[in-house]
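Engineer: pasting the structure only:
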């Protein structure tokens, strides 16, 4: 295997700073130092990933342009970082690991392109969505294209079980999207349903990223199993924080309106927790959710929900839940030797619950 | 390899009669007899394919229901028949050939589910489209699901080059859809562009069906190459006839309104041919195409176009073109031994240009 990350001239990859800056704003200097070390560790790896992403054909037609628009807008690239770190727990980050890291970002982007059509999303990563610029049709075909491109890259690695696992993960994502679609507007404080949907919609692809990286690094089934557990817990924590940001995030940073999820008829985890503590909150939510129209929630209604969540301390409860998930994630890697890579995994877990976008 | 088609108790598969009845209406008794023999040949094969298609999970959520609605509505199953016949040119139709035949129908169905969202299609196979019953979101995810399901089936056959070829074919389909999307409303009598789009949009999947069947039957590269050429020519002929049916087809049989393609800003082959013969027809088309609105064409405008096409004898020219393609398709199989299977391929080619839906 050829290492793609021989020299690391600059101290930081072009990507990890995004994650770092989102956390530094909170003055978490310990985390900041950890993220610096993470950035140095995966600098060349992520440079190779960015180079591959930047080499996707961008011109020629609206489908390519739609895909490029989303990918070029950046993102946290958390899933490729997971692939790189998992590979580094084994024999290292090589061309196969890079291709798998690129593939996971492409699959993630494909789901966003389809989700934006499904949700009629207007903004993504602070920019207009591809569908508002190039149309729904372009966004659908762009998603199809990136999915196929990702699958081809994975197939070319020759890791057949990794390809199978990716097809399984995409299937899990679709099943979860289907359940979410059906429950839309049917407001119920159902924590099991939330977990089931999140396990498929978000955790499945993180799980695959960790497994794929582990396999590229030549790790055995036991080690891959531990990585998969890390991916599951990280994915659930990631979504729990996303749900918190839907309530308290700054729209200028998150690129999403406050309570956008509720507005689309989805009950986020803090709202579920608020209802569990104060059942009367349900009446408030019932009065608000109207998935039949696109009308934004009135500011007054938004404020009433935020006040109820605040009274129930549901944001804190949700963040505590996310932290427990990341603790379990870190715990699952105990069998690996301590060192740079395990520290980096810890930094990723901490950043995931500390991020504000 | 276990043959799945040992006994053929009933003379006809549940599927080929659809094709036969569409042609018999024209009193083509020679073709009718050929289709009878084809039906007997692939009866058990297609029974196994239908059984597999019928076993897809149908309940549980709107995504599954959307997919099932389309697949259960039937269709000509021409692509699976191609897989079966190609396998029979080799060692025969076995479980792998069946899985590939199912996969090609699933990929075809996936593209229809996405196309209906892109084109805002109301009817398909004489029934409301899944998107009108379950919504655009369900139709998008149903397409994603069937695509992934198809890829899993192909991967499980262990024929890695067949999986690569399928990913390539889907990529070709998307590139063609992108070109079609961009040219929509830009009316130009460009036969090369028509051929390029059709080669990707329609022929690519036929090509794959023939290649996949050949590989399942253990045929060598030369034999597969001949089958691929058959698939290309059949696919182009198929689309040319589809284009004719857009003009002269009975909406009760085709399930599509007259001039629906033109209405959506796509110039069909007979219209291109009419313009080539009578350039003044272009003015008429320019006055009609309005992709910005969903308004149906007025009957008067429709009649003017039909009259112009009739004067230019463009329908006849287009059907003659389709027949030349199928002749080339049949010609490409000359190196195989004469017999039942080659006769059946000939029947498929004849039926493709004789069909009226």
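Structural biologist: Nice, I can see it. Not measured: the values here are computed from a predicted model. Numbers count the residues shown, from 1 in each chain, chains lettered A, B, ... in the order given.
Engineer: what about the closest residue to residue A:353 other than its chain neighbours, distance to residue B:215?
Structural biologist: Computed as CB to CB, 6 or more residues apart in numbering or on different chains, the closest residue to residue A:353 that is not its neighbour in sequence is residue A:322, at 4.8 Å. Bear in mind the C-beta positions are built from the backbone N, C-alpha and C, glycine included. Counting by CB to CB, to the nearest Å, the gap from residue A:322 to residue B:215 is 49 Å.
Engineer: what does residue A:84 give?
Structural biologist: If you measure residue A:84 against residue B:215 using CB to CB, the figure is 36 Å.
Engineer: what helices or strands is whichever strand or helix holds residue A:225 leaning on?
Structural biologist: Assigning secondary structure by DSSP states H and E places residue A:225 in helix A:221-248. Of the remaining helices and strands, those touching helix A:221-248 by 3 or more CB pairs under 8 Å, 6 or more residues apart in numbering or on different chains; DSSP states H and E are helix A:78-89, helix A:191-198, helix A:204-216, helix A:260-263, helix A:269-277, helix A:299-311, helix A:314-331, helix A:340-354.
Engineer: Neighbour count: residue A:84 and residue B:215, which is higher?
Structural biologist: Each of residue A:84 and residue B:215 has its neighbours counted (other CB atoms under 10 Å in any protein chain shown); residue A:84 has more, 33 against 25.
Engineer: you'd agree the more buried one is up against residue A:43?
Structural biologist: No: at 10.0 Å, residue A:84 does not count as touching residue A:43 under the criterion of CB atoms under 8 Å.
Engineer: Pretty sure residue A:184 sits against residue A:265.
Structural biologist: Yes: here residue A:184 reaches residue A:265: they are 4.1 Å apart, a contact under CB under 8 Å.
Engineer: buried set for stretch A:184-202?
Structural biologist: A:184, A:187, A:189, A:193, A:194, A:197, A:198, A:199, A:200, A:201, A:202 (16 or more other CB atoms under 10 Å in any protein chain shown).
Engineer: Then stretch A:44-52?
Structural biologist: So, applying 16+ other CB under 10 Å, buried residues of stretch A:44-52: A:44, A:45, A:46, A:47, A:48, A:49, A:50, A:52.
Engineer: could I get those residues as TSV with distance to residue A:253?
Structural biologist: What follows is the buried residues of stretch A:44-52, written out as TSV (distance: CB to CB, whole Å):
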residue	distance to residue A:253
A:44	28
A:45	26
A:46	22
A:47	25
A:48	28
A:49	24
A:50	22
A:52	27
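Engineer: From those, pick the one nearest residue B:165.
Structural biologist: residue A:52 (23.3 Å; CB to CB).
Engineer: what sits against the nearest residue to the closest one once chain neighbours are set aside?
Structural biologist: Nearest non-adjacent residue to residue A:52, counting by CB to CB, 6+ apart: residue A:102, 4.6 Å away. Residues near residue A:102 by CB atoms under 8 Å, 6 or more residues apart in numbering or on different chains: A:49, A:52, A:53, A:80, A:150, A:153.
Engineer: leaving aside the residues next to it on the chain, what's closest to the third one?
Structural biologist: Excluding the flanking residues, the one nearest residue A:53 by CB to CB, 6+ apart is residue A:71, at 5.5 Å.
Engineer: Get me the contact residues on the stretch 51-200 of chain A for chain B.
Structural biologist: Residues of the stretch 51-200 of chain A found near chain B (CB under 8 Å from any CB of the partner chain) are A:60-64, A:114, A:117-118, A:135-138, A:140-141, A:143-145, A:147-149, A:151-152, A:155, A:160, A:163-164, A:167-168, A:170-171, A:174-175, A:177-179, A:181-182.
Engineer: just the buried members of those residues?
Structural biologist: A:61-64, A:114, A:117-118, A:135-138, A:140-141, A:143-145, A:147-149, A:151-152, A:155, A:163, A:167, A:170-171, A:174-175, A:177-179, A:181-182.
Engineer: what's the distance between the residue nearest to residue A:53 and residue A:274?
Structural biologist: 36 Å.
Engineer: what about the two, which has more around it?
Structural biologist: Neighbours were counted for residue A:71 and for residue A:274 using other CB under 10 Å; residue A:274 has more, 30 against 23.
Engineer: and stretch A:138-149, average pLDDT?
Structural biologist: Average pLDDT, stretch A:138-149: 94.
Engineer: Can you pull out the low-pLDDT segments for chain A?
Structural biologist: Across chain A, the ranges flagged by pLDDT under 70 are A:1-28, A:255, A:289-298.
Engineer: For residue A:73, see how far away the residue lying closest to residue A:128 once chain neighbours are set aside is.
Structural biologist: In space, residue A:128 comes closest to residue A:122 once its chain neighbours are excluded; the distance is 6.8 Å by CB to CB, 6+ apart. In this structure, residue A:122 and residue A:73 are 14 Å apart, going by CB to CB.
Engineer: next one: residue A:251
Structural biologist: 16 Å.
Engineer: between the buried residues of stretch A:44-52, which is nearest chain B?
Structural biologist: The closest of these to chain B turns out to be residue A:52 (CB to the nearest CB; 17.1 Å).
Engineer: Give the full set of residues in contact with the residue nearest to residue A:53.
Structural biologist: Shown in contact with residue A:71 (CB under 8 Å, 6+ apart): A:53, A:56, A:105, A:106, A:109.
Engineer: Out of those, the closest to residue A:335 would be?
Structural biologist: For these, the nearest to residue A:335 is residue A:105 (28.0 Å; CB to CB).
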